[in-house]
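J.: Compute the structure for the input listed below.
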Amino acid sequence: MLDRRQREGSRLILEYLFPNLSLSDTSSDDPALTLSGEEEDAVADMVHFFLQARYEDAAAAAVRCRNSRHPEIRELALLCHVMISVAQHNTEAVQNDFQTLQLKSRYPENRRVVALNDVSRFVVSVFFHLGEDIAPSPQVDIRDSSEGIRLFSLYARSYALYLKQEYAQALGVAEAGLLMAADRHQIISIYLNLAASMAAMGLSRFELADQFFLNALELAIPDGYIQPFIGHHGPLQGMVEKHIRDREPELYRQIAEKVVRFRDGWAKIHNPQSPNQVTSLLTPYEFALAMLAAKGKTNQEIADFMYISINTVKSYLSVIYQKLGITKRTDLKDCLSK
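T.: Below you'll find the predicted structure:
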């Protein structure tokens, strides 16, 4: 069960994402727009449990949300269920959920669902690197979204630009989102800070990347929200290892354990034909070093960034090459893109 602080936080989530739905203890002229206490609890559980990487608990709550009377809640539950199913290695569920999102785009229940569906399909396409140019909602639809949904769309846009290696634009979009969010809700700000950190890393602006990462960490730790760091472990290129591994060993253990689980599930969906999944061969620390090397960072740059010796970097890379069956640095990029 969620404690009082988390329960209050969940109500803020609902108000931020779904301002058109009244909470159970507020008056509404239209009973159909009022969320019952049970529905509030289900949404709160789904969001908090997923962000805490409690996947089984989150999945149970998502099932309850998918039975909601409100199409907006059902749409959010579908997006959450996609991500939860990744961690559970349920490839069939992910594919079915994505097909349902596509089907719903053709038969929407109201204009707010149209906007949320467009954002959801965009997020899924970006997250799984599907290569589909699904744009977020057009202006006529995005106006029907809440501020929270619009800002989440900016996070997804920043991530999409990052994947295209358009790092300066990715950073600009994330920073604009943070200015608009103005820390009004921690979850939106966590994701935008991580997107900004990833983009700054791509630009080799390491101090700025550190700043954004630590901002996200400060917002996430009080509620145990480790999932954003798990889901973005690869693109963060060693930030988790640099800032958490030695300072918070128990927290790092929790994240690293879930990284392996989530990363393997992602790989099965992203490229199920690959017979030799890199994600299952490397530890999270090795994967972080490999990502930095694949991005063109020199051994000295990696050593300076990770606060380790250059000999340690060389030793790790030697192990990584052996595990991946390669002999040179230029092969790393191909291995990591599979």
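J.: Domain parsing of the protein, as residue ranges.
T.: 1-145, 146-220, 226-270+277-338 (automatic domain parsing).
J.: which one of those domains has the lowest average pLDDT?
T.: With a mean of 77, domain 1-145 has the lowest mean pLDDT of these.
J.: What's the separation between Ala58 and Phe262?
T.: With distances taken as Cβ to Cβ, to the nearest Å, Ala58 is found 12 Å from Phe262. Just so you know, the C-beta spots here come from the backbone N, C-alpha and C atoms, and that holds for glycine as well.
J.: Need the winner for burial among the domains of the chain.
T.: domain 146-220 (a mean of 21; mean count of other Cβ atoms under 10 Å).
J.: Return the distance of that one from the chain's centre.
T.: Domain 146-220 sits 11 Å away from the centroid of its parent chain (Cα atoms, centre = their mean, to the nearest Å).
J.: swap in stretch 36-53?
T.: Offset of stretch 36-53 from its chain centre (Cα atoms, centre = their mean): 17 Å.
J.: With stretch 62-75 instead?
T.: That offset, for stretch 62-75, works out to 21 Å (Cα atoms, centre = their mean).
J.: for stretch 105-112, same thing?
T.: Stretch 105-112 sits 25 Å away from the centroid of its parent chain (Cα atoms, centre = their mean).
J.: ok, now stretch 311-322?
T.: The chain centroid and the centroid of stretch 311-322 are separated by 29 Å under Cα atoms, centre = their mean.
J.: So which elements touch the helix or strand hosting Leu178?
T.: Assigned by DSSP states H and E, Leu178 falls within helix 167-181. The elements that helix 167-181 packs onto, with contact taken as 3 or more Cβ pairs under 8 Å, 6 or more residues apart in numbering; DSSP states H and E, are helix 147-163, helix 186-202.
J.: is it possible to export these to JSON lines including distance to Phe98?
T.: Shown next, in JSON lines, are those (distance: least, Cβ to Cβ, whole Å):
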{"stretch": "helix 147-163", "distance to Phe98": "15"}
{"stretch": "helix 186-202", "distance to Phe98": "20"}
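J.: of those helices, which approaches Gln300 most closely?
T.: helix 186-202 (16.8 Å; Cβ to Cβ).
J.: That closest one to helix 167-181, inter-axis angle?
T.: Here helix 186-202 runs at an angle of 160 degrees relative to helix 167-181 (axes from the mean of the first three to the mean of the last three Cα atoms, to 10 degrees).
J.: Which elements pack onto helix 186-202?
T.: Contacts defined by 3+ Cβ pairs under 8 Å, 6+ apart place helix 186-202 against helix 4-17, helix 147-163, helix 167-181, helix 206-220, helix 227-231.
J.: rerun at 10 Å
T.: In terms of contacts (3 or more Cβ pairs under 10 Å, 6 or more residues apart in numbering; DSSP states H and E), helix 186-202 is packed against helix 4-17, helix 37-51, helix 147-163, helix 167-181, helix 206-220, helix 227-231, helix 239-243.
J.: Columns distance to Lys333 on top of these, output as JSON lines?
T.: Formatted as JSON lines, the helices and strands packed on helix 186-202 follow (distance: least, Cβ to Cβ, whole Å):
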{"stretch": "helix 4-17", "distance to Lys333": "38"}
{"stretch": "helix 37-51", "distance to Lys333": "31"}
{"stretch": "helix 147-163", "distance to Lys333": "14"}
{"stretch": "helix 167-181", "distance to Lys333": "16"}
{"stretch": "helix 206-220", "distance to Lys333": "20"}
{"stretch": "helix 227-231", "distance to Lys333": "22"}
{"stretch": "helix 239-243", "distance to Lys333": "20"}
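J.: Please name whichever of these is nearest to Thr298.
T.: Checking these against Thr298 by Cβ to Cβ gives helix 206-220 as the closest, at 13.3 Å.
J.: which helices and strands does the closest one pack with?
T.: Where contact means 3+ Cβ pairs under 10 Å, 6+ apart, helix 206-220 is packed against helix 167-181, helix 186-202, helix 227-231, helix 239-243, helix 299-306.
J.: With distance to Ala115 as added columns, please give those in TSV.
T.: Output for these, formatted as TSV (distance: least, Cβ to Cβ, whole Å):
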stretch	distance to Ala115
helix 167-181	17
helix 186-202	16
helix 227-231	23
helix 239-243	32
helix 299-306	40
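J.: returning to that earlier point: what touches both of Ala58 and Phe262?
T.: Overlap of the contact sets of Ala58 and Phe262 (by Cβ atoms under 10 Å, 6 or more residues apart in numbering) consists of Met83, Ala87, Gln88, Gln227.
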